[in-house]
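# Got a sequence here, can you model it:
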Amino acid sequence: MYYDENDANILIGEAAVEGGDYHGEFQKVNSVVMDERCGVSAVAFDLHEELVWVGNQGGHVTSFYGQTMEKYTSFKVHPTEEIRAIVPFDEVMLFLSQTQLRGQIRRGLPSFNHVSENMQAMQCMISTDPARVLMGGHQNQMIEYDLPTQREIRLMHLPNESTCAILRAQHQNRYILAGDPSGHICLMDNRTLKVEHGIDAHNGSLSDFDVHGNLMVTCGFSARQGNLSVDRFIKVYDIRALRAMAPIQLSIDPLLLRFLPSFSSRIAAVSSNGQMEILETQAVSQANICIYQVASSPSAQSTSFDVSSSCHHMSFGDSSGYVTLFSAPNTSMFNVYSRETEFPDPPPEPVNIENSFLAQIPLYYGTTELLSDWPPELTERIYRKTPPINQTILNSMKMVGTIGYAPNPGLFRRNQVTYKMNEYKQTWRTNIVGWMETSSIRINMTSSIGVSGVGNFLRVFRMVPEASALGLILNDNMKNKGCLLRIIQNWNRFILHHIEGELGKQGDPISKLFAMKQENMNRCTKCGREEKKQSTVLLSNLLYSSDGIKMQAKSKSSVQSSAESSNGKRLKFIELLQRSLCPEQTTPAWCERCEKYQPTFQCRVPTALPPILSLNTCLDNTHDFQQWKSGLEASLKSETVMSTGLKPCRYGRACNRADCKFWHEDSENNGAAGVTEFDQNPDFQVSWLPTDLQIVLEESSVRVIEATTENSDYELFAVVVFVKDENEEKCNVASIVKINGEWNLFNDFMVRQIKTIEAISCNPKWKIPAIVYYRKKQLPPPPTPIKNKIPMEVFKHNAKQKYKTLTRDEHLQLVALDAEFVTLGQEETELRSDGKLATIKPQQLSVARVTVIRENGSPLMDDYVSTQEVIVDYLTKFSGIQPGDLDANYSSKNVTSLKIVYSKLCYMIEQGVKFVGHGINNDFRVINLVVPADQIIDTVTLFHFPNQRMVSLRFLAWHYLGMNIQTEVHDSLEDARAALYLYRKYEELKKKGKLEKSLEEMYEKGKKLNWKVQA
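Numbers count the residues shown, from 1 in each chain. Purely as a prediction, here's the structure:
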């Protein structure tokens, strides 16, 4: 046996003779002293950060950071008692002493301190749940402690007056193991904590043991001739078969044991005199044994030992107060994924103000403004770009509509993306184009319209004939998003008219805000017969073509303006609005007096203007768009001539000189025809929308004037713009709204303030207005809020009803509910390259039957829901629904519409009725109703133990009620009644204090019967 050159390893056999430079698998990295006056009593690696926690016999705790073992925090936990166990949690560290459990955050601040009369001689603890810890000691009882509530939730007594000095958990399996100092080890169920088996490991005393998978290794003492002697071997047990295996011979006297988790068959054993041996549980060869000297000095005794979660580091504490760290070569991380440790900010260095840059002076943090602050008009808030998606994820991604699925490559933690702050620099953008580049303005805003079955709203929406006629229903395969401009205008028309029609008499608020009254006049040009009628419109369309339309203003300038606008020159918004509000045309129509089709003069004249003027720009038509674009370019040319000072060419359009330096009407850039400022500069925009208008109603006409802020009647307050892109998949819709005098851009979840000139400007290349809203400056008072309470008449009697309907004298407090469903679309899956099934399209369910039972057990509601969609599977075995049950023409059931069912359920929700059901949360989720949590009682959670399986309604009804339900098919009436009786049974058991015992008996019986109901 030889020491290596670092005096850290002891080598035996061929490894020492043939490989003189051999250093072993682990090497000593660092050794620090915690407190020479007190020995180390507990060592633990942090599972979340790169820290090692050390507790000593004086009740003091110190943490060290990384391989350098830099001291991080140090604090006192108990004035006299030693630290016996350390367990790390996500938000808090737990420290156990003889009579106290202390919780502290990693920065050293105390979180809580728990002292109890049940804690007399505590020795060990282990985490059984992300929020619970199990404690044991030299006493007959064990304590389960809940961290969120900070109280003891369970007290367990060990059999035969035994105690618990060591606790270990069999990860991902069923046992928690408790070791008694006498050498007996109890195997307890990790959920109920009941002792199921026992193993007598050593007949003298138990020193330590560890478990990994189905293997358990122990070390301890045996009684020989009345004395205790160390067993110089490790006992191995198969806890799955509960049998002993061949023991393993050691070269040292083992005191502490740990498995190396990355190698399930390797064990690290530490002796009391500071030696460690790493060995295999199978086929041990003496020539390959490697022993490490881990204690700080030959006189020090090893007292504690722990292995990091990455298996590359081991820490040892000894009686002299030293902590020693051993690590595998070329490794630095204690955990596979560690979060960053929070360190205090370094103190600022003193700065010589006279000889330093201004940027080196520490910034003052206060509420008052500084002289160096930039004024608001020169600054703008810019959002940070989202980090790019890793190419590995993109290569393996499967697209389902607009959602991509990809396996986690293991490069990052789940739901976490690292931002590198030094890669992002502030940029100042003043237009939407720049903001489009730094954020994600081109978002698929209509993709959810095409996804079938995302909610009952889309189911109802697809059944509305007007929605289909207006082209508002898209399918999954529609890739052309250039029709967004038409869709958003049709949606504006649809939603205004549909809400007004649905509300009926309550639709007055819509009419009061948007309705414009007008007079329609038809006059036959042959006989002079006139016909007038009054009408109301909620929105207006802008008319670009002047064919057959006579402008109301007769002045020479107006006629000239009309002619120019018809040729696409200097097209102004006020001219369009004027001709759109009062259009005139001559068209063939039937004349009652002439009794034949005659040329008929038609016109519309507004008689009352609305508080809010809604205008569809109608630029989805190619002819109108070209006229609007030509008008913008004409106004741009006029401004260009005025700004550049170029003289017009004397030859005009007849000039054929390519190098002519004069201005031409249809060309730019010295004769380069067809090139405008829009083509040269995509950021360029033209102001087109006036911010203030004055609209004057005359006897048979209307006059629109662009006014100033002081004398205007209407002001611009909202614009919906269509953001066009060469790639039609990236087209988008954004809204610009004026709020409290400031213009704000709304682009999906992105909201920011913009300037007025940006709100009223357009660019035919990419920014096209779709809807324009003007409002009166003197708006009427807000309408009375719509009270949409559901009347009790929704429960009116039906001829097919076989139950008593709800009466006015009946006050519901508690009901039982059960729902059955049918399939409208099957689940679509695909087999990936890794052998896993991936869901391409989820199963689409639709509610088919809803049953509600009164508190006395009589039915209140048993409605079958009709549907116009194709049913793929009736799920008769699970729903009890037969083909034809949902057809109102042939069914003998009480078939009604989904709207009526919603109304009944919403009525009960508004009345505060509590719903009882088995899995009722899932029922309401599929029904698509949000119910307050205090109105839901789910029997699934009532009869459930933590960390145990959910129990079916059939088994619960058989065990507690003696009812045999769901024998052939499901019946919602039977299921709802069973859930109601189960709730009563729960209240009865809880009142008698027998609930917990009853649940334990139920789970034991379920395991024996494999959760099958006995006939």
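
# Verify the contact between residue 618 and residue 489 for me.
Yes: counting by CB atoms under 8 Å, residue 618 touches residue 489, with 7.0 Å between them. The way it works is simple: take the backbone N, C-alpha and C, and place the C-beta from them, glycine included.

# ok, which stretches of the stretch 801-950 of the chain are helices?
Taking DSSP state H, counting those that start in this stretch to define them, one finds helices in the stretch 801-950 of the chain at 876-879, 898-910, 920-927, 939-942.

# Could you give me the buried positions within the second one?
This points to helix 898-910. Across helix 898-910, burial judged by 16 or more other CB atoms under 10 Å covers 898, 900-909.

# Check the residue located most distally from the centre of the chain and give its pLDDT.
Most distant from the centre of the chain: residue 527, at 69.9 Å, with distances by CA atoms, centre = their mean. Note on residue 527: pLDDT of 87.

# now swap in residue 594 and tell me
In this model, residue 594 is scored at 86, pLDDT.

# Just read off the phi/psi values of the residue nearest to it when sequence neighbours are not counted.
Distances taken as CB to CB, 6 or more residues apart in numbering place residue 527 nearest to residue 594, at 5.5 Å, with adjacent residues excluded. The phi and psi values for residue 527, taken as degrees, to the nearest 10, are phi -100, psi -10.

# quick one, what contacts residue 527?
Residues near residue 527 by CB atoms under 8 Å, 6 or more residues apart in numbering: 591, 593-594, 598.

# Could you save the residues you listed as CSV and add columns showing neighbour count and distance to residue 811?
Formatted as CSV, these follow (neighbours: other CB atoms under 10 Å; distance: CB to CB, whole Å):
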residue, neighbour count, distance to residue 811
591, 20, 66
593, 11, 67
594, 12, 69
598, 16, 69
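
# Assign the nearest residue to residue 464 once chain neighbours are set aside to helix, strand or coil.
Leaving aside its chain neighbours, residue 464 sits nearest to residue 498 (7.4 Å; criterion: CB to CB, 6+ apart). Judged by DSSP: H, G, I helix; E, B strand; the rest coil, the three-state class of residue 498 is helix.

# Enumerate every residue touching the nearest residue to residue 59 once chain neighbours are set aside.
Distance criterion CB to CB, 6+ apart; nearest residue to residue 59, sequence neighbours excluded, is residue 78 at 3.7 Å. By CB under 8 Å, 6+ apart, the residues touching residue 78 are 59, 97, 100, 102.

# Looking at the residues you listed, spot the one nearest residue 535.
residue 102 (79.0 Å; CB to CB).

# ok, now which ones touch that closest one?
Applying CB under 8 Å, 6+ apart, one finds that residue 102 lies in contact with 77-78, 94-96, 110, 112-114.

# Check the gap between the residue nearest to residue 594 and residue 597 for me.
To residue 597, residue 527 is 13 Å away according to CB to CB, to the nearest Å.

# Give the residues shared as contacts by these two.
residue 591.

# picking that back up, which one of the contacts of residue 78 sits closest to residue 249?
residue 97 (37.3 Å).

# Can you report how many residues lie near the closest one?
Close neighbours of residue 97, defined as other CB atoms under 10 Å, add up to 21.

# contacting residues for it?
59, 77-78, 81-84, 122.

# Show me which of those residues is closest to residue 534.
The shortest distance between residue 534 and any of those, using CB to CB, involves residue 77 and amounts to 85.6 Å.

# how near is the closest one to residue 261?
Separation of residue 77 from residue 261 (CB to CB): 28 Å.

# and what of residue 63?
22 Å.

# which of the two has more neighbours?
Taking other CB under 10 Å, residue 63 and residue 261 do not tie; residue 63 has more neighbours (23 against 15).

# on that earlier part again, out of the contacts of residue 102, which is nearest to residue 875?
Nearest to residue 875 among those is residue 94, at 48.6 Å by CB to CB.

# The particular helix or strand that has residue 991 in it: which residues count as buried?
Assessed by DSSP states H and E, residue 991 sits inside helix 972-992. Within helix 972-992, the residues that count as buried by 16+ other CB under 10 Å are 972-983, 985-986, 989.

# can you pull the contacts of the nearest residue to residue 46 once chain neighbours are set aside?
Nearest non-adjacent residue to residue 46, counting by CB to CB, 6+ apart: residue 88, 4.8 Å away. Residues near residue 88 by CB under 8 Å, 6+ apart: 44-48, 53, 94.

# circling back: quick one: buried ones out of the contacts of residue 97?
For the contacts of residue 97, a burial check counting by 16+ other CB under 10 Å picks out 59, 77-78, 81-84, 122.

# So which of the residues you listed sit within strands?
Those of those mapping onto strands are residue 122, per DSSP state E.

# Now tabulate the buried ones among the contacts of residue 97 in CSV and tack on pLDDT and distance to residue 857.
Listed next are those as CSV, based on pLDDT from 0 to 100; distance: CB to CB, whole Å:
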residue, pLDDT, distance to residue 857
59, 93, 62
77, 94, 58
78, 93, 59
81, 93, 59
82, 94, 62
83, 95, 59
84, 94, 57
122, 93, 52
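
# Can you tell me which of the buried ones among the contacts of residue 97 is closest to residue 715?
Lowest distance from residue 715 to the buried ones among the contacts of residue 97 (CB to CB) belongs to residue 77, with 67.5 Å.
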